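Student: Here is my input, please return the structure:
(one chain, ligands or ions: 1)
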Amino acid sequence: MPGGVARARGFRLALLLIVFFLLFVCLIIGSLNYPLPSALASMGPIMPLHSREQSRLLVVAPHPDDETLGAGAFIQQHVAAGGQVKVVIVTNGDGFRIAGGRTMEKVRLSSKDFISLGLIRRQEAIEALRNLGVQSQDVIFLGFPDRGLANLWTVSWSKSYRSPYTKQNTVPYERSRDIGVPYTGQELVNQLKQIITEYNPETVVAPSLADLHPDHHATALFVRTALQDSPVKTLLEYTIHREEWRIVMANKLTSHMDQWLEGADADPSPAVVDPTRLAIEAKRRAILAYQSQVKVMPRFMMSHVSRPEVFLKVDLTQPGCCAKIKRKAATGVHREQPVRRLSGSYGDLP
Ligand SMILES: [Zn+2]
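Tutor: Here you go, the predicted structure:
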């Protein structure tokens, strides 16, 4: 009967709505009651990080903008306090199709367009870092392949990788540290090692092993490998890409720390930079310099402006520090190290 069918449909619809509503409530409750990690609780309070602690800082970013998003306030305050800063940007971000399409107002991008995007993002980085007090001669571009760093670690350690975006298998950018260098993991480690030896920083700031973006996670592995047997005392790790981070960023800072600890193999301690008003303003201008990124994801970019910058502080002088990476290098199995969660779910992020 039509009336009976309509009633049955209505009942099913109501039931579905109730189930969805209950699921939604569960999600909200789950995010509100994000558990305080026992590992973090045992570590004690988060320590403030003073920029005068070390005078030479080396900041490593997988893409142009990560140095600003992850450590912009720290960089500004460090320079303002009289410290030195050098920034290494591993890729020119030349594989971000959406940002390239929007910037160049094209639907399809050629390999030349991707290289043009890399040049645009390079210029944005110079402008951003000028706002933070870093001069262009202190910004080093390596020109390695965007979205290819995990491949360099896992597959292309000694045989060069070809970028599907720029179609290059060597560094194509003239003003990179070393044009024509092959895209291999070994070469990236060599470049990082040389920079560390030449600059002799006391502290290195780099992405965290817990970052889910493949380029970020791989950069963490490369930096830790390059730091072996170096005189650097402290490694400060920052995280940009984790779902939990977006949920907890505003007021659940300590929960975020737990996600970092998961990827740590040393005895880390959390450290936080509480930005000054001047640092916040400088960081805002720096982020706005990244117009190719702000255009396509304004909320994500601007959400980093005034937040405290939290780092996982690793004491590299500890005897047991970074044993996992050392062991891999010693046994030559670094190429088999799986880069975690290469699901591609962050494929459209910078
Ligand atoms: Zn990035």
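
Student: C-alpha only now, for contacts and for neighbours.
Tutor: OK.

Student: Determine the set of other helices and strands touching the helix or strand harbouring A150.
Tutor: For A150, the element it lies in under DSSP states H and E is helix 149-154. Applying 3 or more CA pairs under 8 Å, 6 or more residues apart in numbering; DSSP states H and E, we find helix 149-154 packed against helix 185-199, helix 214-226.

Student: So what angle separates the directions of the longest one and helix 214-226?
Tutor: Just to be clear, that refers to helix 185-199. Interaxial angle, helix 185-199 versus helix 214-226 (axes from the mean of the first three to the mean of the last three CA atoms, to 10 degrees): 60 degrees.

Student: So which bits of helix 185-199 are buried?
Tutor: Buried positions in helix 185-199, judged by neighbour count with 16 or more other CA atoms under 10 Å: G185, Q186, E187, L188, V189, Q191, L192, K193, I195, I196.

Student: Mind putting those into CSV with pLDDT and distance to the ion?
Tutor: Listed next are those as CSV, based on pLDDT from 0 to 100; distance: CA to the ion, whole Å:
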residue, pLDDT, distance to the ion
G185, 94, 18
Q186, 94, 21
E187, 97, 20
L188, 97, 17
V189, 95, 19
Q191, 97, 19
L192, 97, 18
K193, 96, 21
I195, 98, 21
I196, 97, 21
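
Student: Of these, just say which sits nearest to R12.
Tutor: Taking CA to CA as the measure, R12 lies nearest G185 of the buried residues of helix 185-199, at 56.1 Å.

Student: Beyond the lowest-mean-pLDDT helix or strand in the chain, next helix or strand please.
Tutor: Comparing every helix and strand of the chain by mean pLDDT, DSSP states H and E singles out helix 38-41 as the least confident one, with a mean of 35. Next in sequence after helix 38-41, counting helices and strands by DSSP H and E, comes strand 47-48.

Student: In contact with the residue nearest to S208 when sequence neighbours are not counted: list those residues for me.
Tutor: The spatially closest residue to S208, leaving aside those adjacent along the chain, is E237, at 4.8 Å (CA to CA, 6 or more residues apart in numbering). Going by CA atoms under 8 Å, 6 or more residues apart in numbering, E237 touches V205, A206, P207, S208, F311, L312, K313, V314.

Student: then the helix or strand hosting E237 to CSV, C-alphas only?
Tutor: In the assignment (DSSP H and E), E237 maps to strand 234-238. C-alpha atoms of strand 234-238 as CSV (Å, rounded to 0.1, in the frame of the first residue of the first chain):
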residue,chain,number,x,y,z
THR,A,234,70.5,19.9,19.6
LEU,A,235,67.8,19.0,17.1
LEU,A,236,64.4,20.7,17.3
GLU,A,237,61.6,19.0,15.4
TYR,A,238,58.4,20.6,14.2
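
Student: partner strands of that strand, parallel or antiparallel?
Tutor: Strand pairing for strand 234-238, using DSSP bridges, gives strand 203-207 (parallel), strand 309-315 (antiparallel).

Student: and the shortest one, is it in reach of the ion?
Tutor: No - with CA under 5 Å from the ion as the measure, strand 203-207 is seen stopping short of the ion, the closest distance being 9.0 Å.

Student: Now for A271, which secondary structure element holds it?
Tutor: In this structure, A271 is located in strand 269-273 according to DSSP H and E.

Student: Toward the C-terminus, what is the element adjacent to that strand?
Tutor: Per DSSP H and E, strand 269-273 leads on to helix 277-289 as the next helix or strand towards the C-terminus.

Student: Just want the residue of the stretch 1-150 of the chain that's nearest the ion.
Tutor: Per CA to the ion, H63 is where the stretch 1-150 of the chain lies closest to the ion, at 4.6 Å.

Student: Now that residue: phi and psi?
Tutor: phi -130, psi 160 (degrees, to the nearest 10).

Student: OK, contacts around R147?
Tutor: G95, P214, D215.

Student: Leaving aside the residues adjacent along the chain, what's closest to the last one?
Tutor: What that stands for is D215. Computed as CA to CA, 6+ apart, the closest residue to D215 that is not its neighbour in sequence is L149, at 5.1 Å.

Student: Tell me how many other residues crowd the one you found.
Tutor: Neighbourhood size, L149 [other CA atoms under 10 Å]: 27.

Student: got the contact list for it?
Tutor: G185, P214, D215, A218, T219.

Student: so where's the stretch 1-150 of the chain shaky on pLDDT?
Tutor: Along the stretch 1-150 of the chain, segments meeting pLDDT under 70 span 1-6, 19-46, 51-54.

Student: Strands along that one, start to end?
Tutor: Assigned by DSSP state E, counting those that start in this stretch, the stretch 1-150 of the chain shows strands spanning 47-48, 56-61, 84-91, 139-144.

Student: Of the contacts of L149, just say which sits nearest to the ion.
Tutor: Using CA to the ion, D215 comes nearest to the ion of the contacts of L149, at 7.0 Å.

Student: OK, contacts around the closest one?
Tutor: Taking CA under 8 Å, 6+ apart, we find D215 in contact with P62, D146, R147, G148, L149, A150.

Student: Identify the residue spatially nearest to A279, adjacent ones excluded.
Tutor: Leaving aside its sequence neighbours, A279 sits nearest to A73 (CA to CA, 6+ apart; 5.0 Å).
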